[in-house]
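Trainee: I would like the atomic coordinates for the input below:
(one chain, ligands or ions: 1)
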Amino acid sequence: MALVAGRKTFAAGKTLLLRAGVWLGAEAAARGGNGARRFVSQRVLVESDVTAGIATIKFKNPPVNSLSLEFLTEFIICLEKLENDKTYRGLILTSDCPGIFSAGLDLREMCGKNLAHYAEYWRAIQETWLKLYLSNMVLVAAINGASPAGGCLMALSSDYRVLADNPRYRIGLNETLLGIVAPFWFKDVLVNTIGHRAAEHALQLGLLFQPTEALQVGMVDQVVPEDQVQSTALSVMTEWLAIPDHARQLTKSMMRKATADNLIKQREADIQNFVSFVSRDSIQKSLQVYLEKLKQKKH
Ligand SMILES: CCCCCCCCCCCC/C=C/CC(=O)SCCNC(=O)CCNC(=O)[C@H](O)C(C)(C)COP(=O)(O)OP(=O)(O)OC[C@H]1O[C@@H](n2cnc3c(N)ncnc32)[C@H](O)[C@@H]1OP(=O)(O)O
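Mentor: As a prediction, the model looks like this:
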């Protein structure tokens, strides 16, 4: 079966056709009598409460919810679908993989591939971020696992972050530990969240914060026991949805537009930077060594 997004076609597990943000093909969708709906794609699970106007996206790309091109494609489609359906005013982002929110960018997409692939991958990363960061919905991240690098960026792009209190669930932009550099727009989002000095410190050292530290530095808004992450996210959402949409949305846009525009005005140059950076022999070597270390950790 094929997943078609715009002009791209990827092998996937169900027939999903997207045109102008509308599902045209067969998807597993069930509607309960209580207003609950469930959409299933291979790597992204969407549950929604139509009455409350709240949807939940669960990342389901085991083992570590890495942001592969296939995952990103399904994720963007789901996000567009929710964004265009005025039923939904709030979106909770969480994980279906125990102990992992997201391991960030899929390192296999950045290793041993050709230049066209790197460009396509980076465009998908940009697109995902812009859609998340500029969403009209209220976004609450229910972070129920480790959240390094790109996983952290997804959480930081939400309006509010609830993190499970487990010391193994570290969060941060750890790119320098891999020998790579967080792009300027990752940096901008971090600076907007925790301030310039703390961001400079965290970025240079590639710090991954444990929950109490993340709360202290302002990277997350609440740390709660693991079994309360979802219920806390829901009660935060209810609070935010009490604000009239038009006023909140305009305010969000006012706060975020300059940061997003910074990337929008130089998207192609950013792609070229990524491609030439990641295709350097030295960077390929660093990424391969890092991946090998991850693999050997178990043995
Ligand atoms: C001159 C200046 C120019 C500047 C230009 C700038 C241009 C841009 C530069 C590039 C920037 C790119 C930005 C990147 C951001 C990122 O997101 S990079 C990804 C960073 N992610 C990580 O570091 C996470 C790595 N993973 C982990 O730490 C752990 O796996 C975990 C804590 C998430 C989970 O631990 P655990 O449960 O113990 O699982 P593992 O055994 O470690 O892993 C299981 C399995 O998954 C594979 N894996 C893990 N992470 C990734 C990943 N990110 N991508 C792909 N695969 C991953 C791991 O290898 C294991 O595989 P096997 O089962 O062994 O096959």
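Trainee: distance between the ends of stretch 148-165?
Mentor: Across its full length, stretch 148-165 reaches 16 Å between end residues, using C-alpha to C-alpha, to the nearest Å.
Trainee: actually, stretch 92-102.
Mentor: 15 Å.
Trainee: for that stretch, give the mean pLDDT please.
Mentor: Along stretch 92-102, the predicted confidence averages to a pLDDT of 98.
Trainee: check stretch 240-249 too.
Mentor: Computed over stretch 240-249, the mean pLDDT rounds to 98.
Trainee: one more: stretch 109-127?
Mentor: Along stretch 109-127, the predicted confidence averages to a pLDDT of 98.
Trainee: which parts of that stretch are buried?
Mentor: Of the residues in stretch 109-127, those scored as buried under the neighbour-count criterion (16 or more other C-beta atoms under 10 Å) are 109-111, 113, 118, 120-127. In short, each C-beta sits where N, CA and C put it, glycine included.
Trainee: and if you look at stretch 195-211?
Mentor: For stretch 195-211, a neighbour-count test (16+ other C-beta under 10 Å) marks 198-199, 202-203, 206-211 as buried.
Trainee: stretch 40-51 too?
Mentor: Of the residues in stretch 40-51, 41-50 count as buried by neighbour count, 16+ other C-beta under 10 Å.
Trainee: do stretch 61-75 as well
Mentor: Judged by neighbour count (16+ other C-beta under 10 Å), stretch 61-75 contains these buried residues: 61, 64-75.
Trainee: how far does it sit from the chain's center?
Mentor: For stretch 61-75, the gap between its own C-alpha mean and the chain's C-alpha mean amounts to 10 Å (C-alpha atoms, centre = their mean, to the nearest Å).
Trainee: distance between the ends of that stretch?
Mentor: The first residue of stretch 61-75 is 11 Å away from its last residue (C-alpha to C-alpha).
Trainee: how distant is stretch 238-255 from the center of its chain?
Mentor: Using C-alpha atoms, centre = their mean, the distance between the centre of stretch 238-255 and that of its chain works out at 21 Å.
Trainee: oh, I was asking about stretch 134-154
Mentor: Centroid displacement of stretch 134-154 relative to its chain, using C-alpha atoms, centre = their mean, is 5 Å.
Trainee: closest to Leu173 among the buried residues of stretch 109-127?
Mentor: Checking the buried residues of stretch 109-127 against Leu173 with C-beta to C-beta, the nearest one is Ile125 at 13.9 Å.
Trainee: enumerate the residues of the stretch 151-299 of the chain near the ligand.
Mentor: Counting by C-beta under 6 Å from any ligand atom, the residues of the stretch 151-299 of the chain lying close to the ligand are 174-175, 178, 180-181, 183, 273-274, 277-278, 291, 294-295, 297-298.
Trainee: using ChimeraX, define a selection of the buried residues within the residues you listed.
Mentor: For anyone working in ChimeraX, the buried entries among those, judged by 16+ other C-beta under 10 Å, can be selected with:
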select :174,175,178,180,183,274,278
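Trainee: quickly check the residues of the stretch 151-299 of the chain next to the ligand for the two that are furthest apart.
Mentor: In terms of C-beta to C-beta, these reach their longest pairwise distance at Asn273 and Lys298, which sit 34.1 Å apart.
Trainee: return the distance of Asp281 relative to Ile271.
Mentor: Here Asp281 is placed at a distance of 20 Å from Ile271 (C-beta to C-beta, to the nearest Å).
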